[in-house]
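**Student:** Provide a 3D model corresponding to the input given below.
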Amino acid sequence: MVTILFHSTIFGPIHSRRLGSSLGVNLSPNDGKICSFDCVYCEAGYNSQGPGTTGFPARDDVKKQLEEKLKSMSQAGDRLDVITFSGNGEPTLHPCFEDIINDTIEVRDRYYPSAKVSVLCNSTRLDRPDVNRALRRVDNCILKLDSALTPTMRLIDQPGSPQFTCERLIPQLAQFGDQCIIQTMMLRGNHNGKHIDNT
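**Tutor:** Numbers count the residues shown, from 1 in each chain. The predicted structure follows:
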């Protein structure tokens, strides 16, 4: 069953309790899900639904669609607090992620210079220099850490890589210092016969 949330690259704006008026950017396919985690609580569903057929949106298309939306919103006098990278999977998996962040900042500065750029990131690619540079450029770098204990993290997030551990991740998060926000989903319950509790 396909449960992906977003069928376009640019969506919204929507009202975010945390971030305000938020224009979304989905760097995953519009008809599938691509993620390096398979979290038990993911609102976009499990990875088993497949990556779809549309593939990653092209960098130029992302910039064009974003600019068109920001221009029309600006002309209408609409409020915008934040441009948020989220969507049907992990945004940093896009092969042009750093370039897209640079494009976004350029277009943001033209139409909504006071709006922030946020990225909801699952932290699996912090070891990549291009991803690391891009995340340090955004206003709200929101990085996931669902548990500081590897067995619990693996039960909740179900990472695709067996090498992904908290022992590896936490020092990477620490390097960001006050340049990031740590996001944790607190949950307790049973999934596939295993008890999960990070509370």
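
**Student:** okay, now the unreliable bits of the chain?
**Tutor:** For the chain, applying pLDDT under 70 flags the ranges 1-2, 4.

**Student:** mind doing that once more with 50?
**Tutor:** Judged against pLDDT under 50, the chain has no low-scoring part.

**Student:** what about the strands in it?
**Tutor:** 10-16, 20-26, 82-86, 116-121, 140-144, 181-183, 188-191, 194-197 (DSSP state E).

**Student:** any idea which of those strands is most buried?
**Tutor:** strand 82-86 (a mean of 25; mean count of other Cβ atoms under 10 Å). Every C-beta, even on glycine, is put in place using the N, C-alpha and C of the backbone.

**Student:** partner strands of that strand and their direction?
**Tutor:** Within its sheet, strand 82-86 is paired with strand 20-26 (parallel), strand 116-121 (parallel), according to DSSP bridges.

**Student:** other SSEs contacting the biggest helix by length in the chain?
**Tutor:** Under DSSP state H, the helix in the chain containing the largest number of residues is helix 59-76. Judged by 3 or more Cβ pairs under 8 Å, 6 or more residues apart in numbering; DSSP states H and E, helix 59-76 is in contact with strand 10-16, strand 20-26, helix 97-111.

**Student:** returning to what we had before: need the strands of the chain in CSV with distance to residue 158, can you?
**Tutor:** Below are those laid out as CSV (distance: least, Cβ to Cβ, whole Å):
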stretch, distance to residue 158
strand 10-16, 26
strand 20-26, 21
strand 82-86, 19
strand 116-121, 17
strand 140-144, 13
strand 181-183, 17
strand 188-191, 9
strand 194-197, 11
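
**Student:** among these, which is nearest residue 40?
**Tutor:** Minimum separation from residue 40 across those (Cβ to Cβ) falls at strand 188-191, 4.9 Å.

**Student:** contact partners of that closest one?
**Tutor:** The contact list for strand 188-191 (Cβ atoms under 8 Å, 6 or more residues apart in numbering) reads 40, 155, 195, 196, 197, 198, 199.

**Student:** so which of those comes closest to residue 120?
**Tutor:** residue 40 (17.2 Å).

**Student:** pretty sure that closest one contacts residue 196?
**Tutor:** Yes. Using Cβ atoms under 8 Å, residue 40 is in contact with residue 196, at 7.0 Å.

**Student:** mind listing the shared neighbours of those two?
**Tutor:** Residues touching both residue 40 and residue 196 by Cβ under 8 Å, 6+ apart: 155, 156, 187.

**Student:** contacting residues for the residue lying closest to the first one once chain neighbours are set aside?
**Tutor:** Same thing as residue 155. Spatially, and ignoring its direct neighbours in sequence, residue 155 is nearest to residue 196 (5.0 Å; Cβ to Cβ, 6 or more residues apart in numbering). Taking Cβ under 8 Å, 6+ apart, we find residue 196 in contact with 40, 152, 155, 156, 187, 188, 189, 190.
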